[in-house]
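Engineer: Return atomic coordinates for the entry below.
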Amino acid sequence: MPKRQSGNKKSKQSNFAKLSIFQPNKYKFKKTCPLSVKGAPQVDYKNIKLLRKYVSENGKILPSRITNVSQKKQRELSLSIKRARNLALI
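Structural biologist: The predicted structure follows:
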């Protein structure tokens with residue numbers, strides 16, 4: 001009969017603990033909203049050049065997690081995109 005190891009779990013450490021993916025992130029990068037900084041363009045339904053940056057090729061509004069737009073500006077942006085669509089500007 002083979003011998004069993006008794007209570008020696010410290011030698012067999014999980015591979016998950018060794019991987020860097022599962023370690024806490026030391027560096028947090030704060031992303032700023034491109035529409036809230038000083039000198040940013042005004043969000044308006046007539047500003048088609050700006051609105052096209054936040055619309056996909058299929059015509060869908062891009063989410064704020066991709067574009068890094070703040071929640072307040074995302075609401076303004078979606079409203080102005082919908083207005084521009086309604087007026088057939090986009």
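
Engineer: Touching the longest helix belonging to the chain from outside, list them.
Structural biologist: Assignment by DSSP state H gives helix 71-86 as the longest helix of the chain. Outside helix 71-86, the residues within contact range by C-beta atoms under 8 Å, 6 or more residues apart in numbering are 33, 35-36, 43-48, 51, 54-55, 59, 61, 64, 67, 69, 90. Every residue, glycine included, has its C-beta placed from N, CA and C.

Engineer: rerun that using 10 Å as the cut-off
Structural biologist: 33-36, 40, 42-48, 50-55, 59-65, 67-70, 89-90 (C-beta atoms under 10 Å, 6 or more residues apart in numbering).

Engineer: Can you dump the C-alpha atoms of that helix in CSV for me?
Structural biologist: C-alpha atoms of helix 71-86 as CSV (Å, rounded to 0.1, in the frame of the first residue of the first chain):
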residue,chain,number,x,y,z
GLN,A,71,-22.5,59.3,-16.9
LYS,A,72,-23.9,62.8,-17.2
LYS,A,73,-22.3,63.5,-20.6
GLN,A,74,-23.3,60.0,-21.8
ARG,A,75,-27.0,60.9,-21.3
GLU,A,76,-26.5,64.2,-23.1
LEU,A,77,-24.7,62.4,-25.9
SER,A,78,-27.3,59.7,-26.4
LEU,A,79,-30.1,62.3,-26.4
SER,A,80,-28.3,64.4,-29.1
ILE,A,81,-27.6,61.3,-31.2
LYS,A,82,-31.2,60.4,-31.1
ARG,A,83,-32.3,63.9,-32.1
ALA,A,84,-29.8,63.9,-35.0
ARG,A,85,-31.1,60.5,-36.2
ASN,A,86,-34.7,61.8,-36.0
